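> Just the structure for this:
(one chain, ligands or ions: 1)
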Amino acid sequence: MLAAICVWLLSGGAASAQAIAQAGTGQRQAAAPNGERPQEKTEAETAGDSRDVAATQSDRPSGANWAEMQRRYKGAFVLSGPKPSRQVALTFDDVPDSRYTPLVLNVLKQQKVKATFFVVGSRALKAPALVRRIHDEGHAIGNHSFNHPDFSKMGIGGMSEQIRSTEAALQRSVGFVPRLIRPPYGEIKNSQLDWAQKQGYTVVNWDVDSSDWRQLGAQTVFLNVTRSVRPGSIILLHAGGGTGQNLYGTVQALPKLIAWLRSHHYEPVTLPELLQLPESK
Ligand SMILES: [Zn+2]
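Purely as a prediction, here's the structure:
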């Protein structure tokens, strides 16, 4: 916990964001205009209070209203699954990462939990064996762009190129093209959702944000999830990070989090199972 806090204080938001923006891609990416953009913006950030994660669904920094988009693109833009069951989905973004992804996979195997991993294509090209391991161990795979740009700042052509490049990488490593897309930072425009819907994709964001990218300690990650989770929740976590980014809090929180979910009669499942969709397109 202390180590994580120290890393966060030493690196600072801007430094971390810069590291993340360049991580895993081998090339520079456009930094956000203010240079301080974190890897995944959160509802909490909008509110300035991490305790209000669930209450601030709309009103994204980009102006996007996720609840409204979920209504408009019913079935094509999803924040959570059906409420009647107590199924929930653990989702891990920014994989593969040789530091954290194997640790997360080890915990999931030990706990006998299947989760969903959103793959960054440029990272998949560098570590195809790790992507295969995710697939071979029974987890679901989704598309998280090729090099983690903000889709809402691109046209449909740029976004579709990001999707297709990652599909090519996944076709080589696991032999299929995923149906599920998670846009970096959760940011996407209506015109892009139109395209995704017509192309037969399902865009999946989340309704529970662990904020683990902030390099939180295990207890904080645990509390961020357990105080917001409800039946059908889609939980945002990370199993990959930028240079120097510390995600050990996520790894350490997982066994306790899974135990808590089960003791509260939640059943962790993959997104295809929660949403009753095929994994591949
Ligand atoms: Zn991401």
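> does any bit of stretch 152-164 sit next to the ion?
No - Stretch 152-164 is not in contact with the ion by C-beta under 5 Å from the ion; minimum separation 12.2 Å. From N, CA and C alone the C-beta is placed, and that goes for glycine too.
> which residues touch that stretch?
Applying C-beta atoms under 8 Å, 6 or more residues apart in numbering, the set of residues contacting stretch 152-164 from outside is 30, 62, 64, 121, 143, 145-147, 149, 151, 181, 183, 187-189, 191-192, 195, 201.
> Just the ones of those residues in helices?
Within the contacts of stretch 152-164, membership in helices is found for 121, 191-192, 195, as judged by DSSP state H.
> For those, which single residue is the most surrounded?
Neighbour counts for these (other C-beta atoms under 10 Å) peak at Gly121, which has 25 neighbours.
> okay, now Gly157: neighbour count?
Counted by other C-beta under 10 Å, the residues lying close to Gly157 total 9.
> whoops, I mixed them up, Arg71
A count of neighbours around Arg71, defined by other C-beta under 10 Å, yields 10.
> continuing past the helix or strand where it lies, what's the next helix or strand?
Taking DSSP states H and E as the definition, Arg71 sits inside helix 66-72. Scanning the chain past helix 66-72 towards its C-terminal end, the next helix or strand to appear is strand 77-78 (assignment: DSSP H and E).
> Give me the phi and psi for the residue most central in space within the chain.
For the chain, the residue sitting closest to the mean C-alpha position, by C-alpha atoms, centre = their mean, is Asp93 at 3.4 Å. Main-chain dihedrals, Asp93, degrees, to the nearest 10: phi -90, psi 160.
> all helices of this protein, in order?
According to DSSP H, the chain carries its helices in the segments 2-22, 43-47, 66-72, 101-111, 121-126, 128-136, 156-173, 190-198, 218-226, 248-263, 271-275.
> Figure out which of those helices is closest to Pro84.
helix 271-275 (11.9 Å; C-beta to C-beta).
> Determine which two of the ones in helices among the contacts of stretch 152-164 are furthest apart.
For the ones in helices among the contacts of stretch 152-164, the maximum inter-member distance is 22.1 Å, found between Gly121 and Ser191 (C-beta to C-beta).
> returning to what we had before: now do the buried residues in the helix holding Arg71.
For helix 66-72, a neighbour-count test (16 or more other C-beta atoms under 10 Å) marks 66, 69-70 as buried.
> what's the answer for stretch 194-209, then?
Taking 16+ other C-beta under 10 Å as the neighbour-count basis, stretch 194-209 is seen to contain the buried residues 195-197, 201-209.
> Give me the mean pLDDT for it.
The average of the pLDDT scores along stretch 194-209 is 98.
> With stretch 74-92 instead?
Per-residue pLDDT values over stretch 74-92 give a mean of 96.
> and the stretch 51-200 of the chain, which of its residues are near the ion?
93-94, 184.
> residues contacting the residue nearest to Arg133 when sequence neighbours are not counted?
Counting by C-beta to C-beta, 6 or more residues apart in numbering, Leu105 is the residue found nearest to Arg133 once chain neighbours are left out, at 6.4 Å. Contacts for Leu105 (C-beta under 8 Å, 6+ apart) come out as 133-134, 137, 139, 239.
> same question, Asp93
By C-beta under 8 Å, 6+ apart, the contact list for Asp93 reads 40, 118, 144, 182, 236-240.
> residues near the nearest residue to it once chain neighbours are set aside, how many?
Once flanking residues are discounted, Asp93 sits nearest to Phe118: 4.7 Å by C-beta to C-beta, 6+ apart. Taking other C-beta under 10 Å as the criterion, the count of residues near Phe118 is 28.
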